[in-house]
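K.L.:
what follows is a predicted structure for the sequence shown.
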Amino acid sequence: MVEESFFFLGLFPHLLTFRLDGKTVIITGANTGIGKETARDLARRGARIIMACRDLERAEEARRDILEDTGNENVVIRKLDLSDTKSIRAFAELIIKEEKQLNILINNAGVMMCPYSKTADGFELQLGVNHLGHVLLTYLLLDLIKHSAPARIVVVASVAHTWTGLRLDDINSERSYDTMKAYGQSKLANVLFARSLAKRLQGDVTRKNHRNKKNPSE
């Protein structure tokens, strides 16, 4: 994966020095893994980073690490629990109130192959957090994103989307639960959502669907 990344950057060397000064970025699940490293890189490029995280203690540790590494003090933490629509709505309301622009939304947070459980709203956890929570968040912030155009919505998916199809007759896995298939279903939903969103927006913002071999944790 690292070799692939360096090869990609070799083809597009300007990406190494591309600046994001004056841009505002939200990254869900930015306290660890891919989310944290994305936050670090974009902070180094001068962006205002909003770390949308459930675990505020771990988020603060990550924020301090990013600050020490990049010197960018414009990195803030906001509480977001994607397993609870009340938290998602509260987060979106706060962002709309506080932020004049949102140039990049990175839907990154997720849970992976966990024991069966449900979100606060009764959805199977992996589908609820990885897909449904991000769908709601995106639509709640969409007007702000459009207002900030050109903007970008990044959906972090996974090759796991090839593991299964959508189980529309048992979308909540209540009759039977296979943790890998449930995870794969949530990632397939990510891909389908990104494609559908791109068609619906039709140039209103800049879109990107990004696949990764590993899913980031929340």
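P.N.:
Yep, that arrived. On a predicted model such as this, the values are computed, not experimentally measured, just so you know.

K.L.:
who touches Cys114 in this structure?
P.N.:
Taking Cβ atoms under 8 Å, 6 or more residues apart in numbering, we find Cys114 in contact with 125-126, 179. Just so you know, the C-beta spots here come from the backbone N, C-alpha and C atoms, and that holds for glycine as well.

K.L.:
try 10 Å this time
P.N.:
125-126, 129, 179, 182-183 (Cβ atoms under 10 Å, 6 or more residues apart in numbering).

K.L.:
hmm, which two among the residues you listed are most spread apart?
P.N.:
The distance between the two most remote of the contacts of Cys114 (Cβ to Cβ) is 13.6 Å, for Val129 and Thr179.

K.L.:
okay, and the common contacts of those two?
P.N.:
Residues touching both Val129 and Thr179 by Cβ under 10 Å, 6+ apart: 112, 114.

K.L.:
would CSV of the contacts of Cys114 with neighbour count be doable?
P.N.:
Output for those, formatted as CSV (neighbours: other Cβ atoms under 10 Å):
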residue, neighbour count
Leu125, 19
Gln126, 29
Val129, 26
Thr179, 14
Ala182, 24
Tyr183, 24
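
K.L.:
need those in TSV with secondary structure, can you?
P.N.:
Output for the contacts of Cys114, formatted as TSV (DSSP: H, G, I helix; E, B strand; the rest coil):
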residue	secondary structure
Leu125	helix
Gln126	helix
Val129	helix
Thr179	helix
Ala182	helix
Tyr183	helix
